[in-house]
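Student: Fold the following, please.
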Amino acid sequence: MTEEESTVSRKFCSWVSANRSDASRRRALRWMQLCVTGFVSIVIVVVMWCDWSSPLPATYLGSERSYPPAMNTTHINGKPMERVVTNYTNNIFFTVKTSMKNYRKRLTLLMLTWFQVVDKNKVAVISDSLKAGQLYVSTIRDAGFNLILSNCSNMHSAEALCCKSGAEFGAYYEAVKKHNENKERYQWFCHVDDDVYVNVPRLSQLLQQYDPHKPYYIGKWPWVAHHNHSFTKLNSVRLHRIRSMNYPIKANTFKYATGSTYCLSHALMMEAKQFFNGKDNFYASCRLALFTDDIAIGLIIGVILGYNLTDVNDFHNQYDDMASTSVEEISKYITVGYQMKLKDEVKVYYNTIPIQSPFVKDSTKFMAYHCLLYPSVSWCPRHLPF
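Tutor: Numbering: from 1, shown residues only. Sure thing, here's the model as predicted:
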């Protein structure tokens, strides 16, 4: 073999060896990528399984977590779901609109607090689906509360809100039909969002001022409507849609109650049944309003049926400024709420009622408010800081 041939042979062998090494490295890299991807996928599945199937998590004295507590059928984080006996008139049917993602964050807190003041048979919790896990659904139902799975979307969209509102109205009509021999049980329908605390005795005192056998629409006109009248005007598109359905037009403007809380008398519920009863009927009503459920309710009651909103300022929600109110004023509120926002990927609660909570983690102040109203509850501290 000549020197030139030997040189070519050596170069060829080096090239083959280098390519083999590159191929081995590529194969090894691919295997490493597959292993990492598989490991990450397994971790994600395990975390999701733990998140949805573990007991509802925790917040109270000594806890460092910022969400509501672990719960079984009688206790939440070791604290009993203790019934509170009051002398309020027991003729209100409550519906609470929630979502599967809020079962442990919001709903458990309501079950520990103001749900314990009302008749469990007169509270219907309207959620979206079973995707949150059978454990959550069973626990809530075993605690004695009526959880209705509407199969509506869990998004905060106009379609999803209208769908759930239709399910809420349907729950009321079904309860009235079931107890037709005792109509006095359901003289009022009251809707509540899952981020609202209801001062039940104060609500009862308010409703006793009105005759449920007459049409009443009671709530709070939202501040945004004071500044943007396009929400409450009967524009040409709305007018055309109402006329195309051969509905009467009794007013050109209307007021609506903020969607956090409102109450309708039995007489009004019966008169509005063709618009409200069931998801399909109410979704069609929302299309008339071209907006969300609360505006659709105001339009139907104000424009088609011809009744005005009874505006009650003591229905407070997350948009009201709570900072300047006193403890005495707060105790007279019918409802309170709070706001929440993400700051550096951490949930921050603000615009809550201005009282000092005796609990380590009570971001919404709902537990403190419950103790303010019902200090004899066993899990409330003997000496309150307000």
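Student: contacts and neighbour counts: CA atoms only from here.
Tutor: Fine.
Student: if you average pLDDT over stretch 144-155, what comes out?
Tutor: The predicted model gives stretch 144-155 an average pLDDT of 85.
Student: now do stretch 293-310
Tutor: Computed over stretch 293-310, the average pLDDT equals 92.
Student: what's the first-to-last distance across that stretch?
Tutor: 18 Å (Cα to Cα, to the nearest Å).
Student: Enumerate the positions of that stretch that are buried.
Tutor: Going by neighbour count (16 or more other Cα atoms under 10 Å), the buried part of stretch 293-310 is 293-305, 307-310.
Student: Looking at those, which are in strands?
Tutor: Of the buried residues of stretch 293-310, the ones assigned to strands by DSSP state E are 309, 310.
Student: OK, contacts around the residue lying closest to residue 120 once chain neighbours are set aside?
Tutor: Spatial nearest neighbour of residue 120, chain neighbours left out: residue 145 (5.7 Å); criterion: Cα to Cα, 6 or more residues apart in numbering. Taking Cα atoms under 8 Å, 6 or more residues apart in numbering, we find residue 145 in contact with 120, 121, 123, 124, 125.
Student: what's the distance between residue 145 and residue 216?
Tutor: Going from residue 145 to residue 216 by Cα to Cα gives 27 Å.
Student: and if you look at residue 380?
Tutor: Taking Cα to Cα, one finds residue 380 at 37 Å from residue 216.
Student: So for these two, which sits in the more crowded spot?
Tutor: Per other Cα atoms under 10 Å, whichever of residue 380 and residue 216 has more neighbours is residue 216, with 23 against 18.
Student: Out of the contacts of residue 145, which end up buried?
Tutor: Using 16+ other Cα under 10 Å as the burial test, those include 120, 123, 124, 125 as buried.
Student: State the pLDDT value of residue 371.
Tutor: Note for residue 371: predicted pLDDT of 94.
Student: From residue 360, how far out is the nearest residue to residue 158 once chain neighbours are set aside?
Tutor: Residue nearest to residue 158 in three dimensions, not counting chain neighbours: residue 292, with 4.8 Å by Cα to Cα, 6+ apart. From residue 292 across to residue 360, the span is 37 Å (Cα to Cα).
Student: what does residue 95 give?
Tutor: For residue 95, the distance to residue 360 equals 30 Å [Cα to Cα].
Student: Also residue 324?
Tutor: 23 Å.
Student: Which one's more surrounded, these two?
Tutor: A count of neighbours by other Cα under 10 Å puts residue 360 above the other of residue 324 and residue 360, at 14 against 8.
Student: From residue 147, how far out is residue 187?
Tutor: Distance of residue 187 to residue 147, computed by Cα to Cα: 21 Å.
Student: which residue ranges form the strands in the stretch 151-300 of the chain?
Tutor: With DSSP state E, counting those that start in this stretch, the ranges of strands along the stretch 151-300 of the chain come out as 188-193, 197-198, 217-219, 261-265.
Student: For the residue nearest in space to the middle of the chain, which non-adjacent residue is closest in space?
Tutor: Nearest residue to the geometric centre of the chain (Cα atoms, centre = their mean): residue 98, 3.2 Å. Spatial nearest neighbour of residue 98, excluding adjacent residues (Cα to Cα, 6+ apart): residue 127 at 5.1 Å.
Student: Verify the contact between the one you found and residue 153 for me.
Tutor: No: counting by Cα atoms under 8 Å, residue 127 does not reach residue 153; the two are 9.3 Å apart.
Student: With neighbour numbers in mind, choose between those two.
Tutor: In terms of neighbours (other Cα under 10 Å), residue 127 is the more surrounded of residue 127 and residue 153; the figures are 26 against 16.
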